[in-house]
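J.: this one's structure only:
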Ligand SMILES: O=C(O)[C@H](O)[C@@H](O)[C@H](O)[C@H](O)CO
Ligand SMILES: [Zn+2]
């Protein structure tokens, strides 16, 4: 039996930490704080955090193959040059929906940047419903819409054989799967692979491990759960000392550490005093499983 250890690694408090991504070449964890409009990079060797402030809520970040990063900022797919902190627009979506913004995003194994939108929240998980859509920015610079009617577009990842796309629309309380055609980027045959239990609350960010099992951060549930998408069974629950766990990714040496982001927005003073570490980033070790490297955007 491995013994699980949970520690806080970045002591800055995020209002809504999200989109953790491990960058091997810099031994760093990238992540965003959505309402603070910050893209952060925590160096695991020096323990220093660098940040770039952008002009609108930033909901996801990814590595770009040609150098630098890409991010979803407001309703724009953008390129980010970390050195001079400049942001350039690549593609805008939801132009008719002034109250929308992007939410979670991730790059597929062929280098397409998938990200979905949502209406801006009045309070966590309180928003005008069905306003969001799922998009992908293709390496040719054109974004395509996959579907609409989304509440809160969230966790996404692909099976190890690249034949399945996993996706979470948070307020459906379900983890869904689609058949995936890596060659064209097309999806088909949506089905649910897991329905959340009541105490797990809202499914948020998600990542896959090398055994093809899914790790889902449970917003308000204070935990990450490991799911078998083949059987629909939950295999493991790891509880964290904060309720608002938002997303997770594997990183560190051999991708054996699970990094979990969290949020502090939406908690009152009492709750905040009971959860002093809320908004921080956690590292879970001793899980006995590993993850895979993130794919870079190919455009
Ligand atoms: O990052 C997200 O997914 C949303 O922007 C957050 O606000 C919360 O996680 C959401 O409220 C939970 O459903
Ligand atoms: Zn999320």
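T.: Happy to help now that I have it. In this text, all values refer to a predicted model and were calculated from it rather than measured experimentally. Ligands and ions are numbered 1, 2, ... in the order given.
J.: give the contact list for residue 281.
T.: 8-10, 14, 17, 20, 29, 31, 42, 259-262 (C-beta atoms under 8 Å, 6 or more residues apart in numbering). C-beta here means a position set from N, CA and C on the backbone, and glycine is covered the same way.
J.: who in the stretch 51-200 of the chain is up against ligand 2?
T.: Within reach of ligand 2 by C-beta under 5 Å from the ion, the stretch 51-200 of the chain has these residues: 104, 154.
J.: enumerate the residues of the stretch 51-200 of the chain near ligand 1.
T.: Applying C-beta under 6 Å from any ligand atom, we find that the stretch 51-200 of the chain lies next to ligand 1 at 103, 104, 121, 124, 125, 152, 154, 170.
J.: 5 Å instead, please
T.: 103, 124, 125, 152, 154, 170 (C-beta under 5 Å from any ligand atom).
J.: quick one on the thing from earlier: closest one to ligand 2 out of the contacts of residue 281, please.
T.: Of all the contacts of residue 281, residue 261 has the smallest distance to ligand 2: 8.6 Å, by C-beta to the ion.
J.: confidence score at residue 1?
T.: Note for residue 1: predicted pLDDT of 53.
J.: for residue 11, that is, sorry about that
T.: Value for residue 11, per-residue pLDDT: 85.
J.: I figured it hits residue 279, correct?
T.: No - the pair residue 11 / residue 279 is not scored as a contact, 9.8 Å apart, by C-beta atoms under 8 Å.
J.: after the one helix or strand residue 7 maps to, next one along is what?
T.: Using DSSP states H and E, residue 7 maps to strand 5-10. Where DSSP H and E defines the elements, the next helix or strand beyond strand 5-10 is strand 17-23.
J.: show the subsequent helix or strand relative to that next one.
T.: Assignment by DSSP H and E places the next element after strand 17-23 at strand 28-33.
J.: and that following strand with strand 5-10, angle?
T.: If you take axes from the mean of the first three to the mean of the last three C-alpha atoms, to 10 degrees, strand 28-33 sits at 70 degrees to strand 5-10.
J.: parallel or antiparallel, list what pairs with strand 28-33.
T.: Pairing partners of strand 28-33, with direction, according to DSSP bridges: strand 17-23 (antiparallel), strand 38-43 (antiparallel).
J.: break down the stretch 151-299 of the chain into its strands, ranges please.
T.: Secondary structure of the stretch 151-299 of the chain (DSSP state E, counting those that start in this stretch): strands at 153-158, 164-169, 174-181, 186-195, 202-208, 214-219, 223-228, 233-239, 245-251, 257-262, 281-285.
J.: could you dump those strands into TSV and include mean pLDDT and distance to residue 143?
T.: Output for those, formatted as TSV (pLDDT from 0 to 100; distance: least, C-beta to C-beta, whole Å):
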stretch	mean pLDDT	distance to residue 143
strand 153-158	98	14
strand 164-169	99	16
strand 174-181	99	18
strand 186-195	98	15
strand 202-208	98	21
strand 214-219	99	26
strand 223-228	98	29
strand 233-239	98	34
strand 245-251	99	22
strand 257-262	98	25
strand 281-285	98	29
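J.: need those in JSON lines with distance to residue 3, can you?
T.: Converted to JSON lines, those look like this (distance: least, C-beta to C-beta, whole Å):
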{"stretch": "strand 153-158", "distance to residue 3": "27"}
{"stretch": "strand 164-169", "distance to residue 3": "29"}
{"stretch": "strand 174-181", "distance to residue 3": "28"}
{"stretch": "strand 186-195", "distance to residue 3": "27"}
{"stretch": "strand 202-208", "distance to residue 3": "22"}
{"stretch": "strand 214-219", "distance to residue 3": "18"}
{"stretch": "strand 223-228", "distance to residue 3": "17"}
{"stretch": "strand 233-239", "distance to residue 3": "12"}
{"stretch": "strand 245-251", "distance to residue 3": "18"}
{"stretch": "strand 257-262", "distance to residue 3": "14"}
{"stretch": "strand 281-285", "distance to residue 3": "9"}
